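**Student:** The sequence and its predicted three-dimensional model are supplied below.
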Amino acid sequence: MKAYKILAAVLILVGGVNVACTNLDETVYSDIEKGDFFDSEESLRIYAARAYTKLQAWGSEQSLWTLNIQCGDEIAAPKNCVNDWVDPRYKELQQHSFTSSNKLVRMGWDYCFDGIAACNDVIYEIENSPLEFDGKKKVLAEMYVLRDYLYIHAIDGWGNVPFSIDASETSYPEQKGREFIFDFVEKEILDNIEYLEDVPSSANYGRVTQGMAYTLLAKMYLNAEEWIGKPMWKEAEEACWKVMEGGHYVIEPDYSTNFKVNNESSRENIFVIPYSSIYTESDHNDFVIFILTLNQDLADMYGIPAACWDGFICQPDFFHSYDDNDLRRSKTWLYGKFSGKNGEFEITPDVDESVYDNGKGLYEGARVGKWEYQTDGLLKSDQTSMDNDFAIYRYADVVLMWAEALVRQDRGSEAIGNTDLQQIRTRAGLEPFTTETLTLDGILAERGHELACEGWRRQDLIRFGRYSDTWWCKPTESPATAKLYPIPRERLSANPNLVQNPGY
Amino acid sequence: MNFKLYQCFRLILVCMVVLSAGTSLAVAQEQGTVTVSGRIVDATSKAPLIGVSVVVEGTSNGVASDMEGNYSIEIEGENPVLSFSYLGYDTQNIPVTNRTEINVELRENQAAIDEVVVIGYGKTTKKEVTGSVASLKSEDFNTGSFTNAAGMFQGKVAGLTITNPDGGDPNSSFEIMLRGTNTLAAGQGPLIIIDGVVGADIRNINFQEVESVDVLKDGSAAAIYGTRGTNGVVIITTKRAKAGTTSVEYDGQVSVQSVLNRAMPMTAKEFEYTINNFSPSNVGSLYGHDTDWFDEITRTPISHKHSIAVSGGSEKFSHRTILNVEQNQGIQRRNNSNKYMFKTNIHQSVLDGWVDLDYNAFYTRRDYSPANYSAFRQAFLHNPTEPVYDPSNTESGGYYRIVGMDYYNPVAMINERDARNTSDDFGGNVRATLNILPVKGLKWDNFFSYDMTRYESRTYYSHYYPSYIGTDGRAEIYNEYSNDFQWESTLNYSRTFGKHSVQALLGYTYQYGMYQYSEMVNEGFDNDWFGTNNIGSGSALTQGTASMSSYKEDNRYIAFFGRVMYNYDERYLVSVSLRRDGSSRFGADHKWGWFPAVSVGWRLNQESFLRDVEWIDELKLRAGFGVTGNQDFDNYRSLLLMQTDGYFYNNGKWQNTYTPKSNANPLLGWEKKSEWNVGVDFSFWQGRLSGAIDYYFRRTTDLLYEYDVPVPPYDYNVFFTNVGEITNQGIEVTLSGIPVMTRNFRWSTTLTLAHNENKLVKFTNEEFKNQEYKIGWINTPVGVYCQRLIEGQSLGAFYGPVWEGVGEDGRDELKNSIAGTVAESNWEYLGSAYPDVTIGWSNTLTYRNWDLSFTLRASIGGKVFNNMRAEFENINGIGLKNIMASWLDNTDFTGPVTYSSKYLEDATYLKLDNISLGYRIPFKPTSKISHIKLYFAVQNVFCLTGYSGVDPEVSLMGLTPGIESTTYYPRTREFTFGMNIKF
């Protein structure tokens, strides 16, 4: 009988323990639960930075930047004979025969909308935080304008895009056209610009400032006729002038200052994406033009240990469009004789069209050399970023936009006296603009040479009505529908509210 | 057999028995002690039984029967009883009662129907089981040498697919899949239980240690494991301590491997011929040497395994200890795997039978050098006219080096990498059973188990490792630590009242698992002196490009469960179980779920109308229904977590940023599977023909998948949530028979057949409306998704253009093509990766002391994508890199590679997995050695298939089955010589 009693006692004890042992809450060790994260002003400030890091996708192999530069007449990626590097994705872009499954189209889209999602999330957290702190309005204003910048890229590329500004609303976003987004963005920038910092400083380097916001507005107004059928040249001129009259930015005496390994000191760069071979090195948030364009001899010459792909070259017609005196040609492209590790070699800028499909030789085609290549041996792999910061907005661009807006209003002569404008010409080793040369054609050519490889050629060609033209390895004129990219297949299928752009 | 001859033979034998009996009698009288002798034969065939153990009960006095079945034993004492026992036969205890001659006819175990079957948290007998359970004993296993115990039951269980996608790699894992793919995103492997430890690692046991394997296949059987039962449960029982005289057993094996099949690139001669004749623009890629890169990185591997086991003891205290050492070589140079295992099991009965204690402890150490898979790829595509070495190239360390994208010297890849991984597993558990003697049949079981694993991987790439040239050496150290604690408490009651038999179970289980890792990587070493032993000395650390990381996670399962099994007269059987299961992985309000099951059985042979039909031993109809779940996915998926993201440049400094880790889903819940199973078990003519036939229908709902969502409003493009529904239905047939059984010869055979149909019924709801997902990305030059997930269709469905041959322009001609391409919207269904039928056929033939066994496995139907051909059977790829030799058989094809049905081939195959021949050396019963068995086995003997690639048996797990990998470890054939000695 005693055994029964012991047994009963043990059973009761174990029963009690069992009830206690039904707790299944999770303990998190290596991440932070969101509820615990937003406990201080500092964490909100840090959190806002995450939206900026989304911009680092700009310079990677498949990105909005590589997408945009491949669609113009400046750069091409023919088949590479030595490395078997052939990528049908690039041919689609070269010939404007876009498909909705093209990875660059998708990565370009994601650059915009990953960033917008991050901005929405940050805005939601800050707006809903009970914490009040100095500069809360400024942080919010930066996020609004950063989101606006991304929406403008989105309507530039795709025209009709999903519109979502509230992170707590998880139903499928509606698709909106350019006009709606344009108006929304314009209002949001104008509402918030006063809270932004007006003087560029090392503290706001890489962040949204008033200079950045006015440049964004200028780009919108300049393209308004193309995008929403409403010429806004006057507004474009004024927005540019806002940047110019402040006097915070200058045309650097040396063109290359803006693209150096250590280009933080450039006073011409308005809005930059800081890159670092240490901190931004991973897939899809790096700046890797060295991988895309250099051949092995050039890489060896710079002491770059990574295996380069020998891909992007300058289109020969674009190469020859430079004036022979134009210093920017040799500051943008690598060509001619070099003395490498294994002796001398020569890069020839003339490339026959037949190589596009059949394969180009190791030394054919001028290479991108605009961003100074570092020789410290740190560029080790295809996921290591260069240290050069990428200037999205540059003062020279603003000045050229201002001049264009004036020419569009038949007031080109007012620009002739502007020293900043003429300094762009003279530092390139060219004659200053005259009323005869400051024409629309002259401006398109000037923008092409000044801003080569910086990602604006596609937009410029569209605005100047030259995007459908034929050019090197683009034998047929593209249809008007090619001015918009297709909505990427995966993104289209994820949102039933989206309708594919016409022509796809 | 000639009947007369047989009679004659029998007569001679009888005479011999009589003679020998007479002699023994004489001897016995002479010595004054009693000598009993006689002959032991099989009751049915009357064949003599060799090696039958004859023991005087209650003593250690025993002998064994000889070649003729005769025995002779000296006995003393009062009323002695002789016990005659033999494997596979019923033991007989016969009182001597002053006789000097006792002839015995032993009856074979009344078929297998009384065999013990292990079910979850208990045992039953084969005749009483009502779920679909496959039970394998040691004699059913494949013989030979296995680096993984799963190899032993490959092809043995209908519906259980076991594949080894990495071929001859000694470190490879087997994939185990039961009854089709029942999930989209969660794990597909069955729950493995080894000696009661749930979720144990099969690599920690030696294959020779396995005593039995029981596979719980259907929902009614697996539901007792609730959320982890969907993919079936494999219960492995290792050899246990047993009462008996002390025995020592040694087992040794030596194996050699050779290449069975591999992807063949062009030889240097073929390469030169091809370039000169078909691609003259590439003559610059001819370097004038003749190198067989595959030969350069491979060898003839020799492996050996040894184990020694000691066991013995009494009913009150018994023990078994085994020590196992194995050294396995892979076919790739420097690819090794060594295993050292120690395991002990002690059984103790204390407090006058009130308490049984069963202790287990094991330690497994594995140290191995993993294969360098990309070296195989590089060996394939490397230019065969290049030399291996170039002493003048100091930068590459004397290896010949041409810099190209994804182009590395394979010999340097092998020589210049030093990879050593070690894993230490410690485990201990104790099962304490309180036998509540006053209540007959009631006992309380408590099982405590603790397992701990430490894993370390150290890899050093020297200054000359091809893809790291310029980084000046790279050291990687990775450490993992995990532990697992389990407590299981069950109350069991088992009793028979007249014709009523009841077995009831009530239980609670708690399991805690923890996992953590840390990793460090550094580069930039002055030289290769230190390897990974002075990782801080690399310059990347000070430059800021070294990396470091660590992580920790844990989880818990808790469950309450109960089961009642009842049968009336061993005729009507019913089993009902219910589990309340909880897992920490699910959303706050979805942590707990109910998992019921019910199954019934009707043994027709117990009915009066069949009871007298002699040829029917067993005829049972079964039906069952059960609900199981799947929670095999990462921890913390339901929580809103913040993780560190990229770096942000803030006022001259780079600082961390934080980002949500994923689109959190607080509503995350179970994947629920309900399964119907009906079956029949039968055994006829005293087990000469037996088997089982099962039909099942399983439906998984609330399927988890990474559904596409828009960004914004979400932060990421996919959302892990419960939406879809999948069904699998199929038939499984197992037939076992003994077609021939004579005195000296016996042939036993088992055939298994399985057919499964999979259907993705639904994966849309009001929110997620995308009815089609493209999956199965094939890399460049193909560059497409080759499969689609479509509502209403099977998984593993290949889609693509239909190939119609090669045109005069050397390009592929495709059906419905416009300008050489077929729009994806016009692609056709090209077939399924899943086979129609899988077949396993095992055979054992014994003749006197010889035995021969072999296992054939076949798979009929199904498609496999030949990735190697798509990538390399193409003249455009030649130049610096090599292509497949088989292009020379297809020289009319010169066009670019386009994805089409051209590369999709029939995966039907027939394999002779295993053949072994053994010989048991006969010993006199008085010998110290009780037996020696020698055997010779060959594994992967042949594969008959129309498939032109390496192996049509590719991974069928996951969402994109049937795609051959291009970094394939070659298939090898293995020859093993083994010896088993028992003292």
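**Tutor:** Ah, there it is.
**Student:** Report the next helix or strand after the helix ranked longest in chain A in sequence order.
**Tutor:** If you go by DSSP state H, chain A has its longest helix at helix A:103-127. Per DSSP states H and E, the first helix or strand lying C-terminal to helix A:103-127 is helix A:136-158.
**Student:** Check which helices and strands that next one sits against.
**Tutor:** Judged by 3 or more CB pairs under 8 Å, 6 or more residues apart in numbering or on different chains; DSSP states H and E, the packing partners of helix A:136-158 are helix A:41-53, helix A:64-70, helix A:103-127, strand A:161-163, helix A:178-192, helix A:210-228. Any C-beta I mention is one placed from the backbone N, CA and C, and that applies to glycine too.
**Student:** mind exporting it as CSV, just the C-alpha atoms?
**Tutor:** The C-alpha trace of helix A:136-158 is given here as CSV (Å, rounded to 0.1, in the frame of the first residue of the first chain):
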residue,chain,number,x,y,z
LYS,A,136,12.4,64.8,-36.1
LYS,A,137,10.9,66.9,-38.8
LYS,A,138,14.2,67.0,-40.7
VAL,A,139,14.5,63.2,-40.5
LEU,A,140,11.0,62.8,-41.8
ALA,A,141,11.5,65.4,-44.6
GLU,A,142,14.6,63.5,-45.7
MET,A,143,12.6,60.3,-45.9
TYR,A,144,9.7,61.9,-47.8
VAL,A,145,12.1,63.4,-50.4
LEU,A,146,14.1,60.2,-50.7
ARG,A,147,10.9,58.4,-51.4
ASP,A,148,10.1,61.1,-54.0
TYR,A,149,13.4,60.6,-55.6
LEU,A,150,12.7,56.9,-56.0
TYR,A,151,9.2,57.4,-57.3
ILE,A,152,10.6,59.7,-60.0
HIS,A,153,13.0,57.0,-61.1
ALA,A,154,10.0,54.6,-61.1
ILE,A,155,7.8,56.8,-63.4
ASP,A,156,10.8,57.6,-65.5
GLY,A,157,11.4,53.9,-66.2
TRP,A,158,8.0,52.3,-66.0
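**Student:** For B:Y568, see how far away the most centrally placed residue in chain B is.
**Tutor:** For chain B, the residue nearest the mean C-alpha position is B:A150 (2.8 Å; CA atoms, centre = their mean). In this view, B:A150 and B:Y568 are 39 Å apart by CB to CB, to the nearest Å.
**Student:** what do you get for A:D156?
**Tutor:** From A:D156 to B:Y568 the distance is 80 Å (CB to CB).
**Student:** Show me which of those two is the more surrounded one.
**Tutor:** Neighbour totals were compared for A:D156 and B:Y568, and A:D156 leads with 23 against 13 (other CB atoms under 10 Å in any protein chain shown).
**Student:** For that one, which non-adjacent residue is closest in space?
**Tutor:** A:Q459 (6.0 Å; CB to CB, 6 or more residues apart in numbering or on different chains).
**Student:** where does whichever residue of chain B sits closest to chain A land on pLDDT?
**Tutor:** Nearest to chain A in chain B, going by CB to the nearest CB, is B:G470, at a distance of 2.4 Å. pLDDT for B:G470: 83.
**Student:** and chain B, what are its domains?
**Tutor:** As recorded under automatic domain parsing, the domains making up chain B are B:3-106, B:778-983.
**Student:** Going by residue numbers, what spans are helices in the stretch 351-500 of chain B?
**Tutor:** Remark: helices assigned in the stretch 351-500 of chain B by DSSP state H, counting those that start in this stretch are B:373-381, B:410-415.
**Student:** ah, wrong one, I meant the stretch 701-850 of chain B
**Tutor:** According to DSSP H, counting those that start in this stretch, the stretch 701-850 of chain B contains no helices.
**Student:** thinking again about what came up before, could you dump the helices and strands packed on helix A:136-158 into CSV and include mean pLDDT?
**Tutor:** Shown next, in CSV, are the helices and strands packed on helix A:136-158 (pLDDT from 0 to 100):
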stretch, mean pLDDT
helix A:41-53, 86
helix A:64-70, 96
helix A:103-127, 95
strand A:161-163, 97
helix A:178-192, 97
helix A:210-228, 97
